[in-house]
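1. no sequence on this one, just coordinates:
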């Protein structure tokens, strides 16, 4: 019986990057933190299990890095898109929304790691109760972008509007990934529709007319 092929050992940094990349792909394929094991990561990477443990003491430590790195890249995409749109809040939010959908559709595996993998919450990743989840920064970026658009009279509505927008953007991405054969409308048209409520809240409330 032929011995399993092992990759030529590189530098510690190279091996760490390989392990993180392979673990990302496995989580994207399996869709569940509980289904990923250190042994399966080692096998997919073509290295020995002790090689993986030299960089990560356990599975949760490895998957924390996977999720943190993917969320950091995703959040950077959102912020870069907003900054490229200038200073007008609604244009910044529109650019961020398009970047969200573009990122998800171009890299569906990575998107699944961020928003569709089971057991990837604080408990599944072994996060300390006082430690912020890696996805908090992207949520905060979206909330801040929505709040910047909403008129001062309606600022209390920003969290709900941000949640509704997030749900819509997620639906645009996730449904296209899971049901690619459906005749979906153009993504840009759906994004425009998803922004309708925020655009409406950007205007001040009409003042009641005084009686003659």
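-> Now that the structure is in, tell me what you want to look at. These numbers come from a predicted model, not from an experiment. Numbers count the residues shown, from 1 in each chain.
2. can you tell me the element the most centrally placed residue in the chain falls in?
-> Taking C-alpha atoms, centre = their mean, the centroid of the chain lies closest to residue 114, which sits 4.4 Å from it. Residue 114 belongs to helix 108-115 when assigned by DSSP states H and E.
3. just the helices in the chain please.
-> 12-30, 38-45, 49-53, 59-84, 89-106, 108-115, 136-149, 158-178, 187-194, 196-201 (DSSP state H).
4. could I get those helices as TSV with distance to residue 123?
-> All C-beta spots, glycine's among them, are computed from the backbone N, C-alpha and C. Shown next, in TSV, are the helices of the chain (distance: least, C-beta to C-beta, whole Å):
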stretch	distance to residue 123
helix 12-30	16
helix 38-45	19
helix 49-53	22
helix 59-84	10
helix 89-106	25
helix 108-115	17
helix 136-149	15
helix 158-178	22
helix 187-194	31
helix 196-201	32
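5. turn those into CSV, columns for mean pLDDT.
-> As requested, these are exported to CSV (pLDDT from 0 to 100):
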stretch, mean pLDDT
helix 12-30, 93
helix 38-45, 96
helix 49-53, 94
helix 59-84, 96
helix 89-106, 97
helix 108-115, 94
helix 136-149, 96
helix 158-178, 96
helix 187-194, 97
helix 196-201, 94
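6. out of those helices, nearest to residue 124?
-> helix 59-84 (7.7 Å; C-beta to C-beta).
7. what's the closest one packed up against?
-> Applying 3 or more C-beta pairs under 8 Å, 6 or more residues apart in numbering; DSSP states H and E, we find helix 59-84 packed against helix 12-30, helix 38-45, helix 89-106, helix 108-115, helix 136-149.
8. any idea which of the helices of the chain gets closest to residue 126?
-> helix 59-84 (3.5 Å).
9. contacts only, for residue 119.
-> 32-34 (C-beta atoms under 8 Å, 6 or more residues apart in numbering).
10. for residue 162, same thing?
-> 139, 142-143, 145-147.
11. so can I have TSV of the helices and strands packed on helix 59-84 showing distance to residue 188?
-> Formatted as TSV, these follow (distance: least, C-beta to C-beta, whole Å):
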stretch	distance to residue 188
helix 12-30	26
helix 38-45	37
helix 89-106	7
helix 108-115	18
helix 136-149	18
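12. fine, thanks again, bye for now.
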